[in-house]
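Q: Next comes the sequence, and after it the predicted model I'd like to discuss.
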Amino acid sequence: MEFSSEPILQYKDVNAFYGTKPVLKDVSFMLSKGEFVYLVGRTGSGKSTLMKSIYADIKVNSGKAYVAGFDLLKLKSSQVPLLRRKIGIVFQDFQLLSDRTVAENLYFVLRATGWTQKGKMKARVTDVLLRVGLSSCLDKYPLQLSGGEQQRVVIARALLNEPTILIADEPTGNLDPEVAEGIIKLFLEINKSGTAILMATHNLAFLKQFPARVLECKEGRIEERANFS
């Protein structure tokens, strides 16, 4: 899609530490509204650390870092929930509540993010499940679903608050190739509707099959890749 030049995410000379150990080193990049970007790199290169810094699970120590209108260096702990309402987060390991139905998993998130009106909550849950192709799974439990279906529930959960940016950390890592392709196609559909997506992946076949901008993480640094082979 045609995306705006206005950045939804902007890092400039960003550094972050675990104790005294630097884990992000002079990181600079931008993500525009509606843009789709792959994040690649070896295990331990800093991909997950970078993503955690975006939703304030890891503190940025220096530089300039803006996400969805928030200045991460000035972010107060009370503002973290407000930031995370602007960000959809998709994990590799699903993190669904196994003792609750699909609908209950989604209602839990809505209540936790300030929704109170039952009618609006029901309509939103129905809408996001329809969007990911799971409208018939409201009353099923996670363990009654396939891996691909569980990941679609996770994506539906990430979309509940209509995020401006979706962060996906190896979302197809535990899925069969055919199922993984369906998930990446779903991400692309979501992106076409205007949601910016930053997706970490080890699946380099995606980069050729579904070309997009590529950032590579190396030892806590970010490099732009014009082409990836």
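A: The structure has been received and is ready for your questions.
Q: Report the distance from stretch 82-96 to the chain centre.
A: 6 Å (C-alpha atoms, centre = their mean, to the nearest Å).
Q: what residues does that stretch touch?
A: Stretch 82-96 is contacted from outside by 54-56, 67-70, 75, 105, 113-114, 142, 150-151, 153-155, 157-159, 161, 163-171, 173-174, 195, using C-beta atoms under 8 Å, 6 or more residues apart in numbering. To be clear about C-beta, it is placed using only N, CA and C from the backbone, and glycine gets the same treatment.
Q: Sort out which residues of that stretch are buried, please.
A: Across stretch 82-96, burial judged by 16 or more other C-beta atoms under 10 Å covers 83-92, 94, 96.
Q: what about the helices in the protein?
A: Taking DSSP state H as the test, the helices found in the chain are 47-54, 80-85, 102-112, 118-131, 147-159, 177-192, 204-209.
Q: could these be laid out in JSON lines, adding distance to Ser28 and mean pLDDT?
A: Shown next, in JSON lines, are the helices of the chain (distance: least, C-beta to C-beta, whole Å; pLDDT from 0 to 100):
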{"stretch": "helix 47-54", "distance to Ser28": "12", "mean pLDDT": "94"}
{"stretch": "helix 80-85", "distance to Ser28": "20", "mean pLDDT": "91"}
{"stretch": "helix 102-112", "distance to Ser28": "33", "mean pLDDT": "94"}
{"stretch": "helix 118-131", "distance to Ser28": "34", "mean pLDDT": "95"}
{"stretch": "helix 147-159", "distance to Ser28": "26", "mean pLDDT": "94"}
{"stretch": "helix 177-192", "distance to Ser28": "23", "mean pLDDT": "92"}
{"stretch": "helix 204-209", "distance to Ser28": "22", "mean pLDDT": "91"}
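Q: picking up where we left off before, from the contacts of stretch 82-96, list the buried ones, please.
A: Looking at the contacts of stretch 82-96 with 16+ other C-beta under 10 Å, the buried ones turn out to be 54-56, 67-68, 70, 75, 105, 142, 150-151, 153-155, 157-159, 161, 163-171, 195.
Q: Show me what the residue nearest the centre of the chain is bridged to.
A: The centroid of the chain falls nearest to Ile167 when counting by C-alpha atoms, centre = their mean (1.6 Å). Listed beta-bridge partners, Ile167: Ile89, Leu198 (assigned using DSSP bridges).
Q: List the contacts of it.
A: 51, 54-55, 87-90, 198.
Q: That one and Leu39, how far apart?
A: Per C-beta to C-beta, to the nearest Å, Ile167 is found 9 Å from Leu39.
Q: any shared contact partners between the two?
A: In contact with both Ile167 and Leu39: 51, 198, using C-beta under 8 Å, 6+ apart.
Q: Am I right that Lys220 is in contact with Thr49?
A: Small correction: residue 220 is Gly, not Lys. Yes - with contact defined as C-beta atoms under 8 Å, Gly220 and Thr49 form a contacting pair (7.2 Å).
Q: so what's in contact with the two at the same time?
A: Joint contacts of Gly220 and Thr49 (C-beta under 8 Å, 6+ apart) are 23-24.
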